[in-house]
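A.B. asks: just the structure for this:
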Amino acid sequence: MQKIKIIEGTYKIRGKDVDLAGMVFPMVEGFKWGTKGSYITVDAKEVNGFPDRNIKIMVPSEEAYEKVDETTAVTQRDETDEEVIDRLRERFEMLEDMTKAAKKGTVRAMIVSGPPGVGKSFGVEKVLGKHDLIATLGEKAPRYEVVKGAMSAIGLYCKLYNFADKDNVLVFDDCDSVLLDDLSLNILKAALDSKKTRRIHWNTDSFKLRNEGVPDSFEFKGSAIFITNIKFDNVKSKKLRDHLEALESRCHYIDLTIDTEREKMLRIKQITSDGMLADYALPEGVEDDIVDFIDINKKRLRELSLRTVLKVADLAKAFPDRWEAMAENTVMRRS
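C.D. replies: Numbers count the residues shown, from 1 in each chain. Model prediction:
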């Protein structure tokens, strides 16, 4: 593929025009005019900080770039801390927007995947809690529920029935038993089908259903959100993988994987600056001290995550004069 060097050109990253002068990309398409101006199309997959796809670079003319030898290395660009924080914030804001859409019923189902302790549940519950505040004040039944732990197939059927009305949302938070059981997956596939009417059936006689007044079939009009640490691509059982792929095809999929230590630390700085520790009402400067403690000791922590930040904040609240010593013995590995 022909490579080109940018002499004068920009690309918008997180809403900001970034100067790309001097950078080398594989060229996909040459100079063209579009509704927003003139541009060239390049392959950005190999360059850090850019989308994993073809992108349009805005250039003023055909003289704004030049062809270079095919052996010329593609430019490697490191994201700034600010760009990483903006990228992570944008991804989690997308999660909140999708949760709002699920509450309205516009989005029927969503799978949120990612490692533990990055704030998957925090974003979802914050949005649903805010939406359900009016119902709570009016002493009405909540229109969402967060399900954690193990759940049987018949328990899932009953739970879906209880939240079958429009605008209801069921959140399965690390409730992976429903994703690893054939019968449960078949129930979920029926509940989240793309057809206009989603009817679920239980065709086996059940004392539990009779006892709880649950019919053997009902129409499900609600939405479901699955928060999980499972990487669907890594499931070894072909039968189970086929079931999960069928479920995935019915859901929007948001991957919140944060791979590097740098990204995890910047995520911690971003969400604490956004007010995650506000409810602790800590003395001035202590929130910054907690983040500094995490940053300085990140290689010795048992887990670099938001959960660790909350653990240290608990200690700072309970033991204001010696929380660092307490944290050293509770959240850090011994040398």
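
A.B. asks: which stretches of the stretch 1-150 of the chain form strands?
C.D. replies: Using DSSP state E, counting those that start in this stretch, the strands of the stretch 1-150 of the chain run over residues 3-6, 10-13, 16-19, 24-34, 37-43, 54-58, 65-68, 109-113, 144-148.

A.B. asks: pull out the buried positions in stretch 98-115.
C.D. replies: Residues 98-99, 101-103, 107-114 are the ones in stretch 98-115 that count as buried (16 or more other Cβ atoms under 10 Å). Where C-beta positions appear, they are placed from N, C-alpha and C, glycine not excepted.

A.B. asks: measure it end to end?
C.D. replies: End-to-end distance for stretch 98-115, by Cα to Cα, to the nearest Å: 19 Å.

A.B. asks: would you convert the buried residues of stretch 98-115 into CSV that also reports pLDDT and distance to A313?
C.D. replies: CSV is the format used below for the buried residues of stretch 98-115 (pLDDT from 0 to 100; distance: Cβ to Cβ, whole Å):
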residue, pLDDT, distance to A313
M98, 95, 28
T99, 94, 25
A101, 94, 32
A102, 93, 30
K103, 91, 29
V107, 94, 33
R108, 94, 36
A109, 95, 34
M110, 95, 29
I111, 93, 30
V112, 92, 24
S113, 88, 27
G114, 84, 22
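
A.B. asks: out of those, who's nearest T272?
C.D. replies: G114 (18.5 Å; Cβ to Cβ).

A.B. asks: the closest one contacts F122, doesn't it?
C.D. replies: No: when contacts are counted by Cβ atoms under 8 Å, G114 is not listed as touching F122 (11.8 Å).

A.B. asks: correct me if wrong: V47 contacts A73.
C.D. replies: No: judged on Cβ under 8 Å, V47 makes no contact with A73 at a distance of 11.0 Å.

A.B. asks: okay, these two: which has more neighbours?
C.D. replies: The residue with more neighbours, out of V47 and A73, is V47; 20 against 9, by other Cβ atoms under 10 Å.

A.B. asks: next one: the closest residue to N297 other than its chain neighbours from R262, what distance?
C.D. replies: The shortest distance from N297 to any non-neighbouring residue, by Cβ to Cβ, 6 or more residues apart in numbering, is to M332 (6.0 Å). Here M332 is placed at a distance of 20 Å from R262 (Cβ to Cβ, to the nearest Å).

A.B. asks: with L315 instead?
C.D. replies: 25 Å.

A.B. asks: who's more crowded, these two?
C.D. replies: More crowded of L315 and R262, by other Cβ under 10 Å: L315, with 21 against 14.

A.B. asks: what's near enough to touch that one?
C.D. replies: Applying Cβ atoms under 8 Å, 6 or more residues apart in numbering to L315 gives the contacts 323, 326-327, 330.

A.B. asks: mind checking which helix or strand it is in?
C.D. replies: helix 306-318 (DSSP states H and E).

A.B. asks: domain-wise, how is this protein divided?
C.D. replies: Here the domain parsing of the chain from automatic domain parsing is 3-77, 83-255, 261-330.

A.B. asks: how long is the last one end to end?
C.D. replies: What it means is domain 261-330. Start and end residues of domain 261-330 are separated by 20 Å (Cα to Cα).

A.B. asks: quick one: mean pLDDT for it?
C.D. replies: For domain 261-330, mean pLDDT is 95.

A.B. asks: all helices for this protein, in order.
C.D. replies: For the chain, helices defined by DSSP state H occupy the ranges 81-104, 120-131, 133-137, 153-162, 182-191, 207-212, 238-248, 261-273, 286-296, 306-318, 323-330.

A.B. asks: nearest to S223, out of those?
C.D. replies: In terms of Cβ to Cβ, the element of the helices of the chain nearest to S223 is helix 81-104, at 4.2 Å.

A.B. asks: chain center to the closest one, what's the gap?
C.D. replies: In terms of Cα atoms, centre = their mean, to the nearest Å, the centre of helix 81-104 is set 8 Å apart from its chain centre.

A.B. asks: can you mark which positions in it are buried?
C.D. replies: 83-86, 88-89, 91-92, 95, 98-99, 101-103.

A.B. asks: what of stretch 225-243?
C.D. replies: By neighbour count on 16+ other Cβ under 10 Å, the buried set for stretch 225-243 is 225-228, 232, 235, 240, 243.

A.B. asks: over to stretch 173-187?
C.D. replies: Of all the residues in stretch 173-187, those buried under the rule 16+ other Cβ under 10 Å are 173-179, 181, 184-187.

A.B. asks: find the residue at the geometric middle of the protein.
C.D. replies: L256 (3.6 Å; Cα atoms, centre = their mean).

A.B. asks: give me the spatial nearest neighbour of that one, chain neighbours excluded.
C.D. replies: L256 sits nearest to G114 (Cβ to Cβ, 6+ apart), 3.4 Å away.

A.B. asks: against N54, how distant is that neighbour?
C.D. replies: Using Cβ to Cβ, one gets 26 Å for the distance from G114 to N54.

A.B. asks: over to E90?
C.D. replies: Note on E90: its distance to N54, by Cβ to Cβ, is 20 Å.

A.B. asks: do the same with K311
C.D. replies: From K311 to N54 the distance is 44 Å (Cβ to Cβ).
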